[in-house]
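K.L.:
Output the structure for:
(one chain, ligands or ions: 1)
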Amino acid sequence: MKVFIHDDADTAAAHTAVIAARSLQRKPAAVLGLATGETMRPVYRHLRDLFAKEDIPTADFTSFNLDEFVGVPPSHPGSFHYFMAREFLDHLGNTGTRCFLPDGMAPDVMAEAARYETSIQMHGGIDLQLLGIGRNGHIGFNEPGTAFDSRTSCIALSDQTISTLQGFTPHLDRDMLPEFAITMGIATIMDAKRCILLATGSAKASAIRAMLEDAVSNACPASVLRNHPDVTIILDRLAAEGLTEAGIAAFQPVFNPQVRMFHTPSDNEK
Ligand code: GLP
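P.N.:
I've put the predicted structure just below:
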């Protein structure tokens with residue numbers, strides 16, 4: 001596990017975007033796992049900039065998003081379909097036809113979840129999975145208590161997640177607040193060849209501490225990533241502020257890594 005700590009959220013997001021862009025340079029037909037959330041918004045902005053300015057192949061990749069709310073239509077500004085269209089997919093021309101999200105409006109959401117899981121596998125699995133983290137340590141919408149062998153399914157959102165949505169997702173008002181979501185499972189995420197988790201801001205500090213310093217357990221679903229063979233954690237100082245000296249000694253984070261797009265990255269930067 002590699003841990004990077006940047007001074008600010010924007011640089012942490014730029015680092016995440018550069019890793020995704022480099023992975024497309026190495027493998028233009030890569031399968032990307034994509035995430036939504038406020039943390040990811042600047043990542044897509046940086047990716048759009050990189051796509052506009054640099055020679056990055058964007059015509060051949062496939063993507064699968066982590067999750068979508070049940071019962072929130074794609075045209076609704078609170079849906080993850082809408083977020084992805086606005087932030088990323090609409091900027092890619094016809095690439096959008098290979099960029100998938102679970103269908104939260106499907107009449108049979110369990111069947112839709114199973115179809116999505118199969119579709120990921122039929123595309124050869126995910127090469128690079130981007131992840132945020134919930135305040136309670138969830139990844140995707142795998143809430144605390146989710147079994148580590150879970151696959152894509154329809155899950156009930158926790159009260160904490162629903163109240164976070166209420167406070168921070170302006171488009172999901174009281175009438176539209178979802179109670180369920182379709183999410184990739186923890187085992188689905190762990191099958192990705194590489195995972196990048198980005199967390200910024202002090203609201204994530206306790207989840208990051210639990211993820212890195214508590215026992216690996218489904219009390220903090222993100223802690224499972226410590227069992228993944230290729231995971232990179234990218235933080236800003238605020239998200240890292242809960243780490244103890246012992247945690248820092250154990251994970252030896254790289255502070256203020258230099259992130260540039262075009263050069264052969266050094267080992268401690270990849
Ligand atoms: C939702 C998503 C997660 C995301 C989390 C954090 O719960 N399902 O994938 O990591 O939000 O969102 P934010 O970045 O807005 O804090």
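
K.L.:
Please identify the helix or strand for S63.
P.N.:
Here S63, judged by DSSP states H and E, is contained in strand 62-65.

K.L.:
Give me the sheet partners of that strand and which way each runs.
P.N.:
Taking DSSP bridges as the criterion, strand 62-65 sits next to strand 31-34 (parallel), strand 99-100 (parallel) in its sheet.

K.L.:
Export the helix or strand following the shortest one to PDB, keeping only CA atoms.
P.N.:
Beyond strand 99-100 in the direction of the C-terminus, DSSP H and E gives the next helix or strand as helix 109-122. As requested, C-alpha coordinates have been extracted for helix 109-122 and formatted as PDB (Å, rounded to 0.1, in the frame of the first residue of the first chain):
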ATOM      1  CA  VAL A 109     -33.000  -4.200  -9.100                       C
ATOM      2  CA  MET A 110     -31.500  -7.500  -7.800                       C
ATOM      3  CA  ALA A 111     -31.500  -8.800 -11.400                       C
ATOM      4  CA  GLU A 112     -29.900  -5.500 -12.600                       C
ATOM      5  CA  ALA A 113     -27.200  -5.900  -9.900                       C
ATOM      6  CA  ALA A 114     -26.400  -9.400 -11.000                       C
ATOM      7  CA  ARG A 115     -26.400  -8.300 -14.700                       C
ATOM      8  CA  TYR A 116     -23.900  -5.500 -13.800                       C
ATOM      9  CA  GLU A 117     -21.600  -7.800 -12.000                       C
ATOM     10  CA  THR A 118     -21.600 -10.200 -14.900                       C
ATOM     11  CA  SER A 119     -21.000  -7.400 -17.300                       C
ATOM     12  CA  ILE A 120     -17.900  -6.300 -15.400                       C
ATOM     13  CA  GLN A 121     -16.500  -9.800 -15.600                       C
ATOM     14  CA  MET A 122     -17.400 -10.100 -19.300                       C
END
